[in-house]
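1. model the following, please.
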Amino acid sequence: MAGSTLPRRALGRKLRDLRSRAGKSQLAAGLSIDTSKQTIGRLEDGQSVRLSTPNMNALLDFYGADEDSRTEVIGLLQEVKAAKGDPSGGWWRAYADVVNSHFDHFMNLEQACNRLVSFQLTLLPGLLQAPTYRRWLVETNDPAMSAVDVERRLELTARRQHRLTEDTGFSLDVMLSESALRHQVGGRAVMAEQLQHLIEVGSLPNVSIRVIPFGVGGHPGLVVQSFTLFEFPPLSASRMTEPPVVFVEGFTGSLFLEEDDVIDRHRAVVADLRQVALSAADTRRLVREIAEEYAA
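-> Okay, the predicted model is just below:
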């Protein structure tokens, strides 16, 4: 049984990007390594393709790939091999994993998807975090991190958030437990700024933010816990839809889930959460009230 498709899909996106930047067609790329344009298309779509290491190096030469890109591609090739096996339990990727420390699969999925659905119990997702809120999280997670590296993390978060205003084909759908608004991350002043930022981002036409208030009592999210669902546009070569992925984060690693029944269960939870969540307008009112409490 084939293992996780995520490394193959990430490899395909990287190779498509390198080809596009080089201004090469799939036909030209195929001819450069004595294969068909269809094979290049399947490779870029993340499908299983037999391609030798010498051929891959020749393809990278044809694209004029720099050393960083080569390192990333070779690392992804190693992950493709490591991810083979039974996918029924998902793909666990420990943060200490050194197979490919040059690649962040969450951010790759975040950039590739056209719709991101997130349910969060305690903390706001990265795409909604204000700089001071993000700074507190980074410094708390790694107190020994240098000031330069902290600033780099903040810059990376800001670049990720550009999709919200620059990519009209991208939509963000977030459901938050009220506790995510009540936890005083960084203190009252930080939270007052963060909630004001939440109101501003929530006004964007491609962003939906809805809060599940304490008053609703028990709901499925309390059992399922926080998760992110990535959905994707059609693949460029085959026009088939790239399968969705569910991401679940832990303290020591993360789990990427791809099985159809797992995806269906999480979609059902999303539907149930929408039934108990406040409307967008009522969410804005609640967020504003809590922000005023913090600012008082």
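2. burial of residue 285, as a residue count?
-> 13 (other Cβ atoms under 10 Å). C-betas here are computed from N, CA, C, even on glycine.
3. so it, which state does it fall into?
-> helix (DSSP: H, G, I helix; E, B strand; the rest coil).
4. any idea how far residue 32 is from it?
-> Using Cβ to Cβ, to the nearest Å, residue 285 is found at 59 Å from residue 32.
5. against which helices or strands is the helix or strand encompassing residue 201 packed?
-> Following DSSP states H and E, one finds residue 201 within helix 188-202. In this structure, helix 188-202 makes packing contacts with helix 131-141, strand 207-212, helix 280-295, judged by 3 or more Cβ pairs under 8 Å, 6 or more residues apart in numbering; DSSP states H and E.
6. residues contacting the second one, please?
-> In this structure, residues lying in contact with strand 207-212 by Cβ atoms under 8 Å, 6 or more residues apart in numbering are 128, 164, 171-178, 181, 198, 201-202, 219, 221, 273-274, 276-280, 283, 286-287.
7. please apply the same query to the longest one.
-> Outside of helix 280-295, the residues within contact range by Cβ under 8 Å, 6+ apart are 178, 181-182, 184, 188-189, 191-192, 195-196, 198-199, 202, 208-211, 213, 277-278.
8. tell me which residues in stretch 14-23 are buried?
-> 14, 15, 16, 18, 19 (16 or more other Cβ atoms under 10 Å).
9. ok so residue 186 is a helix residue?
-> No: in this structure, residue 186 is coil, not part of a helix, as judged by three-state DSSP.
10. and for it, nearest residue in space, chain neighbours not counted?
-> Nearest-residue entry for residue 186: residue 136, 3.5 Å, with adjacent residues in sequence omitted and distances by Cβ to Cβ, 6 or more residues apart in numbering.
11. distance check, that neighbour against residue 240.
-> 42 Å.
12. chain center to stretch 226-245, what's the gap?
-> 12 Å (Cα atoms, centre = their mean, to the nearest Å).
13. what is the mean pLDDT for that stretch?
-> Averaging pLDDT along stretch 226-245 gives 84.
14. can you check stretch 194-213 too?
-> Per-residue pLDDT over stretch 194-213 has a mean of 97.
15. can you pull up the most central residue in the chain?
-> residue 110 (3.1 Å; Cα atoms, centre = their mean).
16. ok so, going back, just say which of the helices and strands packed on helix 188-202 is most tucked in.
-> Highest mean neighbour count of the helices and strands packed on helix 188-202: strand 207-212, a mean of 22 (counted as mean count of other Cβ atoms under 10 Å).
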